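Enquirer: Coordinates for the following, if possible.
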Amino acid sequence: MQLERKAYRKLIEWKEMSNGSTALMMNGARRVGKSYLAEEFGKREYESYILIDFAKEGRYLRSMFEDDMNDLDLFFSKLSALKATKLYKRRSLIILDEVQLFPLARQMIKTLVADGRYDYIETGSLLSIKANVKNILIPSEEVRFTLDPLDFEEFLWAMGDKVSTEYLEKCFTEKRQVGDRIHKNMMNRFREYMLVGGMPAAVSKYADTKDFAEADLIKRSILDLYRDDIAKHAEGYESKVLSLFDRIPSQLSKKEKKFLLSSLGKNARSRMYEDAFMWLSDGMIVNQCFNSTDPSVGLSMNLDETTHKCYMADTGLLVTHALFDKDYADNTLYRSILLDKVNINEGMLIENIVAQMLRANRHKLFFYSRRKSVKEDARTHEKITENAIEIDFLVTRREKICPVEVKSSGYKSHSSLDRFLKKFGKRIGQPYIVYTRDLKVDDGIMYIPIYMSMFL
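Expert: Next up is the predicted model:
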């Protein structure tokens, strides 16, 4: 089936605003749908298009970028003949797919854009690692954007529901309940989304078959692809990257979700694994979340980079990753979530998917953590006990810091949130508790059902 993506609108906007003055660089994880989206755009919006897939192209085409850039008439004539496609001035699109595999083509974008005959879209992943930018000049003519997995609204579209989101957003804005029947229906859909995830191939399969097992097979193939990429491209530190990747589910199953390097060995240190974390983040396999020690509008100015969380970029992949050694038939996690039987694993998934939804809204991920401590008052010399504070996420809205606490079921208490509000009160905007019940506002705190995280 064809999936409708919000990113298509971004391509339209780029085409209209650029009018050939820039190339569009579409970054994203492997199998997130970059090539498909670019081709669909070429089919619908241009008289013709040519796809150059550097994962498949041979030496002849690559040599054209090396030998023919000084004669673009010859270059385009060869390209048109090679691909058996006529090119029309200002009405054709050329797609440079998996451009990280041939960085020289990316450098040549400057020349191609300056020529002005056609539009260009580049797609790629791992675009900023050293091996993929070595010895090339990054063109300033690139306009870049990131393609994420399908968000919850796009998942609803795939399931045939194009009307619910407008109503849910209205309720969020007006701070009123959605109602029992609609809430129950949305929670059922959201549990499906949590388990299937947002990788296009898995969503398409589930939309067609309503079979979690079929979607799970696709997700396993994607995880295998990630492992292959790590083995091939994480030069010199592939074992460290694999160690981090393999431990993500176990680290997220812990209460505080922080990634403990001690799980990798007693001598493990942050500097030893810095490049490995960066590789996973650059490949958009994970979403890193850092501890902001002094919350203010500039959250990134006060980071404790040694204390961080490492979420999977797609929660459906996390489900499969967590149970990779089991067959789908033995996967009790699917059944327990669908039947609304809350357990520690669901808490892991709910926090991960909130992180995913915040990233889809272009938030950088931050949290706040303060350990319990005893200090001496400088004036009275009395001992003062500061209780621990743990806030799952901090987001900036309307120039205020909004704390977001995530609960896997109905809330029980929010003592950390209360202490946080007391400590940073003047700097804090609307506090949120994300949970599994309908919306309510109580004592200034807004309790939102988890599916409304997409509006933060």
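
Enquirer: backbone phi and psi for the closest residue to Ser80 other than its chain neighbours, please?
Expert: Setting aside the residues directly before and after it, Ser80 is nearest to Leu87 in space (CB to CB, 6 or more residues apart in numbering), at 5.2 Å. C-beta here means a position set from N, CA and C on the backbone, and glycine is covered the same way. Dihedral pair for Leu87: phi -100, psi 140, per degrees, to the nearest 10.

Enquirer: any idea how far Gly236 is from Leu87?
Expert: 42 Å (CB to CB, to the nearest Å).

Enquirer: So those two - more neighbours on which side?
Expert: Leu87 (20 against 7; other CB atoms under 10 Å).

Enquirer: Quick check: the more buried one touching Ile50?
Expert: Yes - between Leu87 and Ile50 there is a contact at 7.1 Å, judged by CB atoms under 8 Å.

Enquirer: okay, and the common contacts of those two?
Expert: By the contact definition CB atoms under 8 Å, 6 or more residues apart in numbering, Leu87 and Ile50 are jointly contacted by Leu79, Ser80, Ile94.

Enquirer: shouldn't the last one be in contact with Ser48?
Expert: Read it as Ile94. No - between Ile94 and Ser48 there is no contact under CB under 8 Å: 9.8 Å.

Enquirer: Overlap of the contact sets of these two?
Expert: Leu87.

Enquirer: okay, those two: which has more neighbours?
Expert: When neighbours are counted by other CB under 10 Å, Ile94 comes out ahead of the other of Ile94 and Ser48, with 24 against 17.

Enquirer: who touches that one in this structure?
Expert: So Ile94 contacts Tyr49, Ile50, Ile52, Leu79, Leu87, Leu112, Tyr118, Asp119, Tyr120, Ile121 (CB under 8 Å, 6+ apart).

Enquirer: Am I right that the last one is in a helix?
Expert: Translated: Ile121. No - the assignment for Ile121, made by DSSP: H, G, I helix; E, B strand; the rest coil, is strand rather than a helix.

Enquirer: residues touching it, list them.
Expert: Leu11, Ala23, Leu24, Met25, Met26, Ala38, Phe41, Gly42, Leu93, Ile94, Ile95, Leu96.

Enquirer: quick revisit: so can I have TSV of the contacts of Ile94 showing pLDDT and distance to Pro403?
Expert: Formatted as TSV, the contacts of Ile94 follow (pLDDT from 0 to 100; distance: CB to CB, whole Å):
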residue	pLDDT	distance to Pro403
Tyr49	98	47
Ile50	98	50
Ile52	98	47
Leu79	98	54
Leu87	98	54
Leu112	97	47
Tyr118	98	49
Asp119	98	44
Tyr120	98	43
Ile121	98	39
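
Enquirer: so which of these comes closest to Gly425?
Expert: Checking the contacts of Ile94 against Gly425 with CB to CB, the nearest one is Ile121 at 47.5 Å.

Enquirer: For Phe145, grab the count of nearby residues.
Expert: Using other CB under 10 Å: Phe145 sits among 15 other residues.

Enquirer: Now the element after the host helix or strand of it, going C-ward?
Expert: Phe145 is part of strand 142-146 when elements are defined by DSSP states H and E. Helices and strands here follow DSSP H and E; after strand 142-146, the next one along the chain is helix 152-158.

Enquirer: Which strands and helices lie in contact with the next helix or strand after that next one?
Expert: The first helix or strand that comes after helix 152-158 along the chain, using DSSP H and E, is helix 164-174. Other helices and strands packing on helix 164-174, by 3 or more CB pairs under 8 Å, 6 or more residues apart in numbering; DSSP states H and E, are helix 152-158, helix 180-196.

Enquirer: ranking those helices by burial, who's on top?
Expert: Among the helices and strands packed on helix 164-174, helix 152-158 has the highest mean neighbour count (mean count of other CB atoms under 10 Å), at a mean of 22.

Enquirer: chain center to that helix: distance?
Expert: Mean C-alpha position of helix 152-158 versus that of the full chain (CA atoms, centre = their mean, to the nearest Å) differs by 16 Å.

Enquirer: got a list of contacts for it?
Expert: 1, 3-6, 150, 162, 164-165, 189-190, 192-193, 196, 198, 203-204, 207, 357, 451, 454.

Enquirer: Now, of the residues you listed, which are buried?
Expert: Using 16 or more other CB atoms under 10 Å as the burial test, the contacts of helix 152-158 include 3, 5, 150, 164-165, 189-190, 192-193, 196, 198, 203-204, 207, 357, 451, 454 as buried.

Enquirer: which residues sit in contact with the most centrally placed residue in the chain?
Expert: Residue closest to the average C-alpha location in the chain (CA atoms, centre = their mean): Ala313, at 4.5 Å. By CB under 8 Å, 6+ apart, Ala313 lies in contact with Ala29, Asp148, Pro149, Met284, Ile285, Val286, Asn287, Gln356, Arg359.

Enquirer: contacting residues around Phe455?
Expert: Here Phe455 is in contact with Leu168, Glu169, Phe172, Thr173, Ile448 (CB under 8 Å, 6+ apart).
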